[in-house]
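# What shape does this take:
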Amino acid sequence: MIKHSAEPVTLEAHQINIGRWVVRPEGQLGTCGFYPYAWTAVFVDARSEEEALRKARKQLDNKK
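Alright, predicted model coming up:
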């Protein structure tokens with residue numbers, strides 16, 4: 001049985017280059033994972049961490 005959480009996922013952004021960020025669930029490493037739910041990292045161009053998180057959230061919302 002698969003349980004789906006209705007709780008929003010907490011995201012964190014890490015700058016990997018000037019103006020380039022990788023956004024993934026808090027505490028996760030790598031570019032994809034399956035625990036406790038399936039996820040993939042989102043790469044965005046942004047000037048700040050807040051902008052990176054906003055852009056990543058927008059991309060993730062468009063996938064649904």
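
# make it CA atoms for all contacts and neighbour counts henceforth
Noted.

# ok, which stretches of this structure are helices?
Using DSSP state H, the helices found in the chain span residues 49-63.

# Go ahead and flag the most central residue of it.
residue 24 (3.1 Å; C-alpha atoms, centre = their mean).

# List the residues that contact that one.
By C-alpha atoms under 8 Å, 6 or more residues apart in numbering, the contact set of residue 24 is 11, 12, 13, 31, 39, 40, 41, 42.

# Including neighbour count, could those go into a markdown table?
Formatted as a markdown table, the contacts of residue 24 follow (neighbours: other C-alpha atoms under 10 Å):
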| residue | neighbour count |
| --- | --- |
| 11 | 16 |
| 12 | 18 |
| 13 | 23 |
| 31 | 13 |
| 39 | 14 |
| 40 | 14 |
| 41 | 18 |
| 42 | 20 |
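
# Take those residues and keep only those in strands.
11, 12, 13, 39, 40, 42 (DSSP state E).

# Show me the two of those that sit farthest apart.
Spatially, the most separated pair among the ones in strands among the contacts of residue 24 is 13 and 39, at 14.5 Å (C-alpha to C-alpha).

# that older thread, ok, what's across the strand from the residue nearest to the centre of the chain?
residue 12 (DSSP bridges).

# and the gap between residue 51 and residue 21?
Going from residue 51 to residue 21 by C-alpha to C-alpha, to the nearest Å gives 10 Å.

# neighbour count winner among these two?
Shown here are residue 51 and residue 21; by other C-alpha atoms under 10 Å, residue 21 has more neighbours (24 against 15).

# Perfect, I'm done here.
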